[in-house]
Structure formats: C-alpha cells, structure tokens
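[1] predicted coordinates and the sequence they were generated for:
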Amino acid sequence: MHEPDYDIAGETAIVTGASQGIGKSIAETLAASGANVAICSRSIDRVGPVAEDINEAEDVPGEALAVECNVREREQVQSFVDETVEAFGDIDVLVNNAGGEFVANFEDISENGWKTIVDLNLHSTVHCTQLAGEVMREGDGGSIVNLSSVNGQHAAPGESHYGASKAAVIRLTETLATEWAGDGIRVNCIAPGLIQTPGVAETLGIQSEDMPSREKTERRIGHAEEIADAVQFLVSPAASFITGETLTAKGVPRAGNSMSQDLGLE
Ligand SMILES: CCCCCCCCCCC/C=C/C(=O)SCCNC(=O)CCNC(=O)[C@H](O)C(C)(C)COP(=O)(O)OP(=O)(O)OC[C@H]1O[C@@H](n2cnc3c(N)ncnc32)[C@H](O)[C@@H]1OP(=O)(O)O
Ligand SMILES: NC(=O)C1=CN([C@@H]2O[C@H](COP(=O)(O)OP(=O)(O)OC[C@H]3O[C@@H](n4cnc5c(N)ncnc54)[C@H](OP(=O)(O)O)[C@@H]3O)[C@@H](O)[C@H]2O)C=CC1
C-alpha cells in the first residue's frame, strides 16, 4: 500500500523573515518535522528567541540557527547563506517568506515607496534564491517555496506596488522551475489570502482575538500554521512531481463580492 512521504528529517531549511507571523510558523513546523532551520530577520533580538524556543523544545528534533539579516541587502544574504552552510553543511530547502507592504493608492506612492516594496518582496527573493540556489545546485538540489499573495493573482485597490511585486514572484517561480529542473530543484509558490499575523495587524489594523478554528472552511481569516502546513507539503517528497505551481490558500471565497467585503473589512 502506498503511503505519502512527508519526511524532511535531517534536511537543512532556510526560512527568511521568521521572527513572527507566517515565517515563524514555517520554521517551527519544519523543525518539528526534523529539519534543521536557519532563520533570519532584521533583528537578532527578535529572531533569536524563536530559535531558542525551537532548540529548547524537547519534542522538536530539528535544530535552529538564528542570524540577523536584512534580505534587501545582498551582502547580508551571502553571509546568512555562508553561516547556514557552516552550521549545517548544506542547503536543501529555501523558503522566501520575508515580505511586506503598505496600502496606498498608486498616485500616492513615491518613487522610494515603490522601490521599497519591490525590493522587499521581489529583489530579496532574487538575492536569496541566487545565493542559496548556488549551494543547492552544487549539492543535491532541493526545493524552494516563495511566498506570493492573492494580490499577486488578482487586482485590489491600494495594492499596485505589492501586487506587481508578488505577481513577479509567481512568474519568477514558474521560470526557475523550468531552468533548474535539471539541477534537481523544484520551485513552487504559495499565494495566501488574509492570514492573521502581527504584520496584518499593523498594516491592515485587523486583530482577531477569537480566531475561528481550522475546522471551519467557510470564509474566515487564516492561521499562519495553515500556510506552514502547505509549505511542509511542497518541500516534502510527497510533492516530488510538483514544480512551477502556485498553491492558493485562501479558504472558500464568496462568489461575486470583493474579498474585503467578505472579510467584513468594509
Ligand atoms: C480589497 C482589499 C483586499 C483585502 C483582503 C486582501 C486579502 C489578503 C491580502 C493580505 C495582504 C497582506 C500583505 C502583507 O504582506 S501583510 C504582512 C506583512 N507585513 C508588513 O507589511 C509589515 C508592515 N509594513 C512595514 O513594516 C513597512 O511599511 C515596510 C516594511 C513595508 C516599509 O518599511 P521601511 O522602513 O523599509 O520603509 P519606510 O518607512 O522608510 O518607507 C519607505 C518609503 O515608503 C513610503 N511609505 C511607507 N508607508 C507608506 C504609506 N502608508 N503610504 C505611502 N507611502 C508610504 C515612505 O514614505 C518612503 O518613501 P519616501 O522616502 O519617498 O517618503
Ligand atoms: N499575512 C497575510 O495576510 C499575507 C501575507 N503574505 C506574505 O507572507 C509573508 C509573511 O507575512 P506575515 O507573516 O504576515 O508578515 P509579518 O509582517 O507578520 O512578518 C514579516 C517577517 O519578515 C521579517 N522581515 C521583514 N522585512 C525583512 C527584511 N528586509 N529582511 C529580513 N526579514 C524581514 C520580519 O522580521 P523583523 O521585523 O524582525 O525584521 C518578520 O519576521 C510576506 O511575504 C507577506 O507578503 C501574503 C499574503 C497574505
């Protein structure tokens, strides 16, 4: 009888932007599956405790290494990659999670504002993928997962810069899947809908103290763990024939209405 293989024990995974939110949950999930995780954020004071918690948890087999790294800075990404290889010997998985936005109409976005968001979401993914990808290509290959967004798939007001950067991440994913298939590297993407995270609370002002349970599949805000579970699947042997794809994780939309109305945001 065939059983799906979700095992990534002993592999090394880089997760960017893991001091909170979706990235933190991805790091915890992969470590719980036995992967060694190298995690970063712009502040070691913020990402360090996430690694400490993973390393101190008796039921988590994976080890964690925390590194201060601004993924917008290519030299810092190179140091992060080097430290990861030094600590764990190789890189098998890369999750390009760090990202963000502010909501503003196109005419109100300055040149620097536009560049800031494209840098954060697209160019950081390029830096990490080229530099970690070099190690993966010289090694045994591996798996890359990029965090896009439903805003990279569909238009929404106030999201021109963010939507353009996340749409580019999807096309980059598709292209790299074709270029690096021969190196044994799968490249996939996840497009989350609205997920409750500290970043969303800050950016969109949404606080959900009473989060609906995961059993509820009708319209609701998602949990960070639901994105982490999708990442775990995509990087596992169970997804060995899946590359160049974007997995949308947004629950069940209500037809013919805007997402914001569905979510009670307007
Ligand atoms: C129809 C509606 C649909 C709703 C439902 C949608 C469904 C799901 C979609 C969910 C979307 C969520 C996406 C997320 O990614 S949320 C979680 C991510 N976390 C964050 O976004 C963190 C919060 N943001 C920030 O920390 C910062 O804003 C950011 C990192 C993005 C930039 O910080 P940084 O310090 O690097 O930059 P500066 O503050 O120095 O600013 C740089 C330039 O940008 C201009 N700027 C900044 N904010 C604004 C603004 N609100 N409006 C206009 N311009 C802004 C700033 O002025 C600087 O430019 P100038 O130098 O020219 O002044
Ligand atoms: N939450 C949502 O509804 C959705 C999120 N997404 C995407 O998912 C990803 C994670 O989002 P979410 O968890 O909500 O975000 P949060 O804002 O909650 O967390 C962002 C994380 O990224 C880190 N980070 C931000 N900028 C940098 C940087 N330049 N270098 C390194 N680390 C950085 C932050 O750490 P620190 O501040 O310590 O540097 C933090 O750990 C993003 O790419 C986002 O666009 C997509 C669709 C929906």
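    Sure thing, it's come through. Numbering: from 1, shown residues only. Ligands and ions are numbered 1, 2, ... in the order given.
[2] quick one: the strands in the stretch 1-150 of the chain?
    Applying DSSP state E, counting those that start in this stretch to the stretch 1-150 of the chain gives strands spanning 12-16, 36-41, 64-68, 93-96, 142-147.
[3] ligand 1 is nearest to which of these?
    Set against ligand 1 and scored by CB to the nearest ligand atom, the strands of the stretch 1-150 of the chain come closest in strand 142-147, at 8.5 Å. Glycine gets a C-beta too; all of them are placed from N, C-alpha and C.
[4] what residues does the closest one touch?
    11, 22, 91-97, 99, 125, 129, 133, 136, 169-170, 172-173, 176, 184-190, 192, 227, 231, 234-235, 239 (CB atoms under 8 Å, 6 or more residues apart in numbering).
[5] so which bits of the stretch 1-150 of the chain are right by ligand 1?
    By CB under 6 Å from any ligand atom, the residues of the stretch 1-150 of the chain that approach ligand 1 are 99-102, 104, 108-110, 112-113, 116, 120, 149-150.
[6] rerun that using 8 Å as the cut-off
    21, 72, 99-104, 108-113, 115-117, 120-121, 149-150 (CB under 8 Å from any ligand atom).
[7] against which helices or strands is the host helix or strand of A168 packed?
    For A168, the enclosing helix or strand under DSSP states H and E is helix 160-179. In terms of contacts (3 or more CB pairs under 8 Å, 6 or more residues apart in numbering; DSSP states H and E), helix 160-179 is packed against helix 111-118, helix 124-138, strand 142-147, strand 185-192.
[8] tell me the centre residue of this protein?
    N97 (2.7 Å; CA atoms, centre = their mean).
[9] excluding sequence neighbours, find me the nearest residue to that residue.
    The spatial neighbour of N97 that comes closest, neighbours along the chain excluded (CB to CB, 6 or more residues apart in numbering), is G23 at 4.0 Å.
[10] contacting residues for that neighbour?
    If you count contacts by CB under 8 Å, 6+ apart, then G23 has V15, T16, G17, I39, S41, V95, N97, A98 around it.
[11] which one among those residues gets closest to A201?
    G17 (15.7 Å; CB to CB).
[12] on that earlier part again, can you say which of the contacts of strand 142-147 are buried?
    Neighbour counting with 16 or more other CB atoms under 10 Å marks 11, 22, 91-97, 99, 125, 129, 133, 136, 169-170, 172-173, 176, 185-190, 192, 227, 231, 234-235, 239 as buried within these.
[13] which among these are in contact with ligand 2?
    Among the buried ones among the contacts of strand 142-147, ligand 2 is touched by I22, N96, N97, G99, P192, I227 when using CB under 8 Å from any ligand atom.
[14] how about those in a markdown table, adding pLDDT?
    Below are those laid out as a markdown table (pLDDT from 0 to 100):
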| residue | pLDDT |
| --- | --- |
| I22 | 98 |
| N96 | 99 |
| N97 | 99 |
| G99 | 98 |
| P192 | 97 |
| I227 | 98 |
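[15] wait, L247 sits on C189?
    Yes: L247 is within contact range of C189, at 7.1 Å (criterion: CB atoms under 8 Å).
[16] what do the two both touch?
    By CB under 8 Å, 6+ apart, no residue touches both L247 and C189.
[17] quick one: distance of stretch 225-242 to the chain centre.
    Averaging C-alpha positions (CA atoms, centre = their mean, to the nearest Å) puts stretch 225-242 12 Å from its chain's average.
[18] so, in contact with ligand 1 or not, it?
    No: counting by CB under 8 Å from any ligand atom, ligand 1 has no neighbours in stretch 225-242; the shortest distance is 11.7 Å.
[19] residues contacting that stretch, please?
    4-8, 11, 13, 22, 25-26, 28-30, 33, 93, 95, 143, 145, 147, 186, 188, 190, 192, 195, 214, 247, 249.
[20] figure out how far stretch 94-108 is from the centre of its chain.
    13 Å.
[21] any idea how far apart the tips of it sit?
    End-to-end distance of stretch 94-108 (CA to CA, to the nearest Å): 34 Å.
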